[in-house]
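no FASTA, just this:
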């Protein structure tokens, strides 16, 4: 099992959750495409 992550921010579902989730997913995808030594 992975370690438990604490929530840093809470987004209201009808207003910001959808757009913020898309933004965060896009960010993670971009970070995942970087070479390993560039991460961190």
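That came through fine. Bear in mind the structure is a predicted one, so any value in this text is a computation, not a measurement.

pLDDT value on the residue nearest to the spatial centre of the chain, please?
In the chain, the C-alpha nearest the mean C-alpha coordinate belongs to residue 24, at 3.9 Å (CA atoms, centre = their mean). Looking at residue 24, its pLDDT reads 90.

By neighbour count, which bits of the strand or helix carrying it are buried? Give me those.
Assigning secondary structure by DSSP states H and E places residue 24 in helix 18-33. Neighbour-count burial for helix 18-33, counted by 16 or more other CB atoms under 10 Å, picks out no residue. Glycine gets a C-beta too; all of them are placed from N, C-alpha and C.

Please renumber the chain so that the first residue is 109 from this point on.
I'll keep to 109 as the first residue from here, and by that count the last item is helix 126-141.

What number of residues are in the vicinity of residue 120?
8 (other CB atoms under 10 Å).

and the helix holding residue 132, what other elements does it pack with?
If you count contacts as 3 or more CB pairs under 8 Å, 6 or more residues apart in numbering; DSSP states H and E, helix 126-141 packs onto no helix or strand.

Show me how far it is from its chain's centre.
With CA atoms, centre = their mean, to the nearest Å as the basis, helix 126-141 stands 6 Å off its chain's centre.

for stretch 114-130, same thing?
Centre-to-centre, stretch 114-130 and its host chain are 10 Å apart (CA atoms, centre = their mean).

Lovely, talk soon.
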